[in-house]
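Visitor: predicted model, plus sequence, below.
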Amino acid sequence: MNNFKKSFNENSFNEDKILSMLYKRAEKDGLRSQWAKDPKESKMKKTIIGVIGLVTVLVLGLVLTNQFPLMNDNVVMASISVDINPSFELDVNKNGIVLSIDALNEDAQSLDTSDLIGLDSAKVIERIIQLATEAGFIDPFDLEDDYVVVTTVMSNEGNDNLLDTLNLQLQERIQNSSILQGVNVIEIKADIAQKMEAEGKNVPVGLYILHGMVTNPDGTILSAKEFFSKQGNLDALKLQNNVRVHTVSEQKIRERIELALNKMEGNGIDSTELRTRLQNASLEDMLRIQSEVQNKLNAPVEPGNENANQGEDKGNTDSGNQGSSSDQGNTDGGTNTGNQGGSDSGNQGGSDGSGSKQGKGS
Amino acid sequence: MIYTEKDFEIIYHATFPILSRFIFSKTQNEADGQDLLQEVYYAFYKHLLKTTEKLESPQAYLIKMAENQLSSYYSKKAKKDVLLVDNSFNIFESIPDDFELETELIDRISVDLIWKEIEKIKEPDKSILVARFRFDMRYPEIALLFNLPETTIKTKVYTAINNLRKIFNK
């Protein structure tokens, strides 16, 4: 640390100086003499002095790892906000076990999370995503990326052990969970001041951290999905120090394209060429194919032109190449996605979200 | 009496980083922030001396106390809106975030001498430096806090450091 920085640390909000001033003030007010002598403490001190080195080291180790004397397994050591939307807040103890779950909006209140108390936080996040999927807030089979913003706020700054535990639990869970691999997980570390600011403004803390990035000019907050659907936002976010991004696995992207191709075939659209390309496609190729499939599924059906140009147009939205049976398929898609989009917009203050979703199926 | 002065000290050290940052971010003023912080801890000290009940979460209790102190602080001062309304704000702006190089150039000057000059800087510029160098806040955070564009914050920090360099290079 250079002298410039040191001058701030030593003179501004200096921990020791302020404590010393407090003690002087307490001394002057006659408060310090009022503290009772603690017989237990002096006995303990004597005992510790008498105990052999190994035991002393163990005791010190315990004292050092517990920052509060009254700490136990029921003390909240961190809050984790999970924003899909719906949005939840999990309170966890020093081992990363969830002690309570708060539903932060109406969508969240519609999901029953009562049986998740007592599980580790990563498992709870996975189960919340599963519940949100079952309830239609996430459609794993559409061709749109879904985003889950996981924001951790530590009760004690510097409690790196717990932060490591939480990160590790989530990473392990992502590696082994098909549910988590199907969504983009954005991990954000926030502090308590930011959390309180967010609470004051009734905005989920994860979205509040992205403030400036997710605020519409009229002051309304975009949902995570709406925000990340804008090209470049995710890449820019990855550059920030307090953010970690886990993107959807290639396997999952392949799976959802295959499902969409099945749907295309069900609609009477030839998918042979796309399937062939998909076989050995790289991630970049897969995203291109995904976009083409999306366009084909979204293309409006022109009466009397149902079978024209099947499989020839790539990425052309006005191809008009869908068979007559596609009416049924598109209606299905529209129903599913409309439901999801509606839920998004319901809480994030805008018809934009539902509009973008509905566009897909109409 | 269930707490000792030693307990107070443990809680003090465990909560100081969060509470100081919290109060500073609410007051956006170094001097006021320090005064308020001391008041909060002093009230807490007196509380521990008297209380007959154990606190479930000392930190939550302290934050609550800080909020009470802050409301009386705000009632004396016009509350500032911390929302950023600047349309030119761009979080991805690639202006360097690190003034390590510049500050190293004045590193040969003693800590006390540097602080003596920093103390002469007027508000809010001084508190902006405190936010940056004492609390290690990032520029977007500081911009949000002081309700100023990020570029203005960077310019203020850069200008302050440059002025210090000029003073010490004389």
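Guide: Noted; the coordinates are in hand.
Visitor: send the alpha carbons of stretch A:177-189 over as PDB?
Guide: This file holds the C-alpha atoms of stretch A:177-189, laid out as PDB (Å, rounded to 0.1, in the frame of the first residue of the first chain):
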ATOM      1  CA  SER A 177     -27.400 -30.100 -12.100                       C
ATOM      2  CA  SER A 178     -29.200 -30.300 -15.400                       C
ATOM      3  CA  ILE A 179     -31.600 -27.600 -14.100                       C
ATOM      4  CA  LEU A 180     -28.900 -25.100 -13.400                       C
ATOM      5  CA  GLN A 181     -27.100 -25.800 -16.600                       C
ATOM      6  CA  GLY A 182     -30.200 -24.900 -18.500                       C
ATOM      7  CA  VAL A 183     -30.100 -21.200 -17.300                       C
ATOM      8  CA  ASN A 184     -27.500 -18.500 -17.200                       C
ATOM      9  CA  VAL A 185     -26.600 -17.900 -13.600                       C
ATOM     10  CA  ILE A 186     -25.200 -14.500 -12.800                       C
ATOM     11  CA  GLU A 187     -23.400 -14.400  -9.400                       C
ATOM     12  CA  ILE A 188     -23.000 -11.000  -7.800                       C
ATOM     13  CA  LYS A 189     -21.400 -10.000  -4.500                       C
END
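Visitor: for chain B, which segments count as helices?
Guide: B:5-27, B:30-50, B:58-76, B:100-104, B:111-118, B:125-129, B:139-146, B:150-169 (DSSP state H).
Visitor: closest one to residue A:268 among those helices?
Guide: Closest approach to residue A:268 among these is made by helix B:139-146 (51.0 Å; CB to CB). C-beta here means a position set from N, CA and C on the backbone, and glycine is covered the same way.
Visitor: buried ones in the closest one?
Guide: Buried residues in helix B:139-146, defined by neighbour count with 16 or more other CB atoms under 10 Å in any protein chain shown: B:139-146.
Visitor: go on, stretch B:28-46?
Guide: B:28-30, B:32-34, B:36-42, B:44-45.
Visitor: the helices of chain B: lowest mean pLDDT?
Guide: Of all these, mean pLDDT reaches its minimum on helix B:100-104 (a mean of 57).
Visitor: thinking again about what came up before, near chain A, list only the ones from the buried residues of stretch B:28-46.
Guide: With CB under 8 Å from any CB of the partner chain as the criterion, the buried residues of stretch B:28-46 include B:30, B:33-34, B:37-38, B:41-42, B:45 near chain A.
Visitor: list the contacts for residue A:15?
Guide: B:12-13, B:16, B:20 (CB atoms under 8 Å, 6 or more residues apart in numbering or on different chains).
Visitor: now these: which count as buried?
Guide: Burial by neighbour count, 16+ other CB under 10 Å: within the contacts of residue A:15 this picks out B:12, B:16, B:20.
Visitor: residue closest to the middle of chain B?
Guide: residue B:24 (3.7 Å; CA atoms, centre = their mean).
Visitor: residues in contact with that one?
Guide: Counting by CB under 8 Å, 6+ apart, residue B:24 has contacts A:13, B:30, B:33, B:127, B:130-131, B:135.
Visitor: please apply the same query to residue A:290.
Guide: A:143, A:253, A:256-257, A:260.
Visitor: how about residue A:191?
Guide: A:153-154, A:157, B:18, B:21.
Visitor: how about low-confidence regions in the stretch 201-350 of chain A?
Guide: Filtered on pLDDT under 70, the stretch 201-350 of chain A yields the residue ranges A:201, A:209-223, A:230-233, A:236-241, A:300-350.
Visitor: try it again at 50.
Guide: Residue ranges of the stretch 201-350 of chain A with pLDDT under 50: A:213-214, A:306-350.
Visitor: got the domain boundaries for chain B?
Guide: Per automatic domain parsing, the structural domains of chain B span B:5-76, B:100-169.
Visitor: which stretches of the stretch 151-300 of chain A form strands?
Guide: Here the stretch 151-300 of chain A has its strands, by DSSP state E, counting those that start in this stretch, at A:184-190, A:243-246.
Visitor: can I get those in TSV including distance to chain B and mean neighbour count?
Guide: Output for the strands of the stretch 151-300 of chain A, formatted as TSV (distance: least, CB to the nearest CB, whole Å; neighbours: other CB atoms under 10 Å in any protein chain shown):
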stretch	distance to chain B	mean neighbour count
strand A:184-190	11	21
strand A:243-246	12	17
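Visitor: save these as a markdown table, and put in distance to residue B:119 too.
Guide: As requested, the strands of the stretch 151-300 of chain A are exported to a markdown table (distance: least, CB to CB, whole Å):
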| stretch | distance to residue B:119 |
| --- | --- |
| strand A:184-190 | 32 |
| strand A:243-246 | 36 |
